[in-house]
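Q: Sequence plus the predicted model coming up.
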Amino acid sequence: MESREAAESQTSSGDRCSQLGSAAADMSPQISAENCFQLLTKAKREGEAGVRERVYDYMSAHYLQVLRAPGVYGRLTAGERELILARRMEGRKVLAVAESSEVIDRREDTDHRREDTNREDTNREDTNRRVFYLHPDRRRWEVLTSLPEEVPTKGSSMCTMYNYLFVAGGLRGDRVSDRVFCFNPVTGAWTQTRPLTQPRCQLQLVSMDGHLYAIGGECLFTVERYDPRADRWAPVAPLPKGSFAVAHEATSCGGELFVSGGSLFYRLLRYDSRRDEWEECPFNESRRRSTDMVAHRSLVYRFDVDRERAGVSVYKYNTVVKVWHGGECYPLHNPLPFRCAVLGDRIYCVNRNQTLQFEVREEHEGFLPEVLPSPTETRGALVPFVLSLNRDQ
């Protein structure tokens with residue numbers, strides 16, 4: 001798998017990604033995945049602190065590659081493993097979004113602009129989709145990278161793990177994909193990783209406890225888990241029969257997976273990885289489709305957009321006491337569906353028209369009056385997530 005990855009064509013991420021990868025490019029060219037442990041051992045033995053630090057930086061920048069190498073990661077001390085991961089997660093956490101599309105309009109949005117968008121996306125299906133990030137100082141959106149041409153434009157799912165962006169599944173033409181792509185913001189490179197065990201479209205991709213979970217998909221109840229150390233996808237307990245069709249939402253909270261939505265909007269399922277089984281949680285009173293569901297601390301937040309009432313109802317499920325709270329309806333001037341990402345004590349609710357900020361502090365909870373712009377001239381749906389950019393930027 002290592003040689004296959006090395007042979008993958010890597011997509012340029014533009015000037016910004018060249019800057020992000022400059023730290024890795026400045027390192028000694030002699031460092032590689034094959035010799036980094038030997039160089040580290042030699043540097044420690046001979047007291048070469050500079051070489052040692054460069055090797056740690058290399059391991060951090062190429063964390064997944066090191067993680068998959070038993071002769072490297074398996075021989076590091078516990079402290080060294082924590083060090084290279086901590087370095088990888090350093091930097092400024094930023095809100096990012098990727099252009100994507102859904103195969104069907106699962107939000108039941110009849111707005112004519114959405115129809116025009118779908119028509120435009122069909123005409124421009126082969127055009128590269130972009131990834132933007134919100135610059136923390138300039139407060140404006142800048143292009144970070146573009147998705148590789150091989151990534152299906154419709155029905156794929158995305159999530160982050162170990163400060164990598166993963167994109168899995170989707171529909172290309174009339175063919176469902178099993179391919180998984182990975183973007184490294186430290187080096188600016190895209191690679192392919194191990195494909196799914198079965199093709200999936202409109203799946204949910206969620207990271208939890210150092211693993212990826214590919215959940216369901218169109219006409220699928222199966223679930224599979226990716227172990228990055230073994231570089232292997234393996235099946236886990238499937239969704240209960242009859243629970244959902246497509247159009248579900250998923251998130252991880254406190255070491256457990258939660259899935260809601262689908263044909264029965266008020267149901268919530270919890271997956272226990274230790275017992276490898278799903279169980280029903282208390283029902284939610286809402287009978288509307290959720291626009292998205294995310295986790296913050298021990299709470300799962302669910303957002304239900306109501307076009308008729310021009311607002312959004314926010315519910316939260318306490319995973320400790322297993323009780324639903326909330327249901328307050330907040331007025332929205334433009335109540336279009338959105339997708340969510342958590343950064344600090346704010347949940348950012350993003351669509352092509354605006355970026356809302358929902359604050360989740362103990363002393364205050366609700367939408368802030370400041371509405372941020374969304375990237376201009378985007379197409380399709382925007383999928384938000386959080387990445388840490390180079391700490392020197």
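A: Received, thanks.

Q: what's next to stretch 135-152, contact-wise?
A: For stretch 135-152, the surrounding residues in contact (Cβ atoms under 8 Å, 6 or more residues apart in numbering) are 11, 13-14, 16-17, 92, 94, 96-99, 126, 128-134, 167, 169-172, 177, 179, 181, 183, 185, 188, 190, 192, 372-376, 387. Yep, even glycine has a C-beta here, placed from its N, CA and C like the rest.

Q: Would you check the distance separating it from the middle of the chain?
A: Per Cα atoms, centre = their mean, to the nearest Å, the displacement of stretch 135-152 from the mean C-alpha position of its chain is 14 Å.

Q: Could I get the buried residue list for that stretch?
A: 135, 141, 144-148, 151-152 (16 or more other Cβ atoms under 10 Å).

Q: could you dump the residues you listed to JSON lines with secondary structure, distance to residue 232 and pLDDT?
A: JSON lines is the format used below for these (DSSP: H, G, I helix; E, B strand; the rest coil; distance: Cβ to Cβ, whole Å; pLDDT from 0 to 100):
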{"residue": "135", "secondary structure": "coil", "distance to residue 232": "38", "pLDDT": "93"}
{"residue": "141", "secondary structure": "strand", "distance to residue 232": "37", "pLDDT": "95"}
{"residue": "144", "secondary structure": "strand", "distance to residue 232": "29", "pLDDT": "96"}
{"residue": "145", "secondary structure": "strand", "distance to residue 232": "27", "pLDDT": "96"}
{"residue": "146", "secondary structure": "strand", "distance to residue 232": "29", "pLDDT": "95"}
{"residue": "147", "secondary structure": "coil", "distance to residue 232": "24", "pLDDT": "95"}
{"residue": "148", "secondary structure": "coil", "distance to residue 232": "23", "pLDDT": "94"}
{"residue": "151", "secondary structure": "coil", "distance to residue 232": "22", "pLDDT": "94"}
{"residue": "152", "secondary structure": "coil", "distance to residue 232": "23", "pLDDT": "91"}
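
Q: among those residues, which two are most distant?
A: By the measure Cβ to Cβ, the buried residues of stretch 135-152 have their two most distant members at 135 and 152, which lie 28.8 Å apart.

Q: returning to what we had before: need the buried residues of stretch 135-152 in TSV with distance to residue 239, can you?
A: Output for those, formatted as TSV (distance: Cβ to Cβ, whole Å):
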residue	distance to residue 239
135	39
141	36
144	33
145	32
146	33
147	28
148	30
151	25
152	22
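
Q: Quick check: of these, which lies closest to residue 345?
A: Using Cβ to Cβ, the shortest approach to residue 345 within the buried residues of stretch 135-152 belongs to residue 135, at 20.1 Å.

Q: Roughly how far does that closest one sit from residue 319?
A: For residue 135, the distance to residue 319 under the criterion Cβ to Cβ, to the nearest Å works out to 34 Å.

Q: worst-scoring helix or strand of this structure, pLDDT-wise?
A: Taking mean pLDDT, DSSP states H and E as the measure, helix 14-20 is the helix or strand of the chain with the lowest mean score, a mean of 38.

Q: ok, residue 172 touching residue 153?
A: Yes. Checked against Cβ atoms under 8 Å, the pair residue 172 and residue 153 is within contact range at 7.4 Å.

Q: Looking at these two, which is more packed in?
A: Neighbours around residue 172 and residue 153, counted as other Cβ atoms under 10 Å, are more numerous at residue 153. The numbers are 23 against 18.

Q: residues of stretch 355-371 that come out buried?
A: Residues of stretch 355-371 classed as buried under the neighbour-count rule (16+ other Cβ under 10 Å) are 355-358, 360, 365, 367, 371.

Q: ugh, typo on my part, it should be stretch 326-341
A: In terms of neighbour count (16+ other Cβ under 10 Å), stretch 326-341 has its buried residues at 326, 332, 335-341.

Q: residue ranges of the helices in this protein, please?
A: Listed in chain order, the helices of the chain (DSSP state H) span 2-7, 14-20, 22-25, 36-46, 49-61, 63-67, 70-73, 78-89, 112-123.

Q: Distance from the chain centre to the fifth one, please.
A: By that I understand helix 49-61. 27 Å.

Q: Stretch 325-345 now?
A: Its chain's average C-alpha position is 19 Å from that of stretch 325-345, according to Cα atoms, centre = their mean.

Q: same question for that stretch, mean pLDDT?
A: The average pLDDT for stretch 325-345 rounds to 89.

Q: Now the terminal residues of it, how far apart.
A: 18 Å (Cα to Cα, to the nearest Å).

Q: same question, stretch 316-330
A: For stretch 316-330, by Cα to Cα, the gap between its terminal residues amounts to 14 Å.

Q: Run through who's touching it.
A: Contacts with stretch 316-330, where a contact means Cβ under 8 Å, 6+ apart, come from 253-254, 256, 258, 268, 270, 281-282, 284-286, 298-302, 306, 309, 311-315, 366-367.

Q: Ok, stretch 87-97 next?
A: Taking contacts as Cβ under 8 Å, 6+ apart, the residues outside stretch 87-97 that touch it are 56-57, 60-61, 63, 131-136, 141, 144, 162-163, 165, 186, 341, 343-344, 348, 350, 355, 374-375, 378, 382-391, 393.

Q: Mean pLDDT lowest where, among the helices of the chain?
A: Least confident of those, judged by mean pLDDT, is helix 14-20 with a mean of 38.

Q: Okay, buried residues for stretch 229-244 please.
A: 231, 233, 236, 239, 243-244.

Q: Out of the residues you listed, which two are the most distant from each other?
A: Taking Cβ to Cβ, the two most distant members of these are 231 and 243; they sit 30.1 Å apart.

Q: any chance you could map the strands in the stretch 251-393 of the chain?
A: Taking DSSP state E, counting those that start in this stretch, the strands of the stretch 251-393 of the chain run over residues 256-261, 268-272, 277-280, 292-296, 299-306, 311-318, 323-331, 339-343, 346-350, 355-361, 364-367, 381-389.
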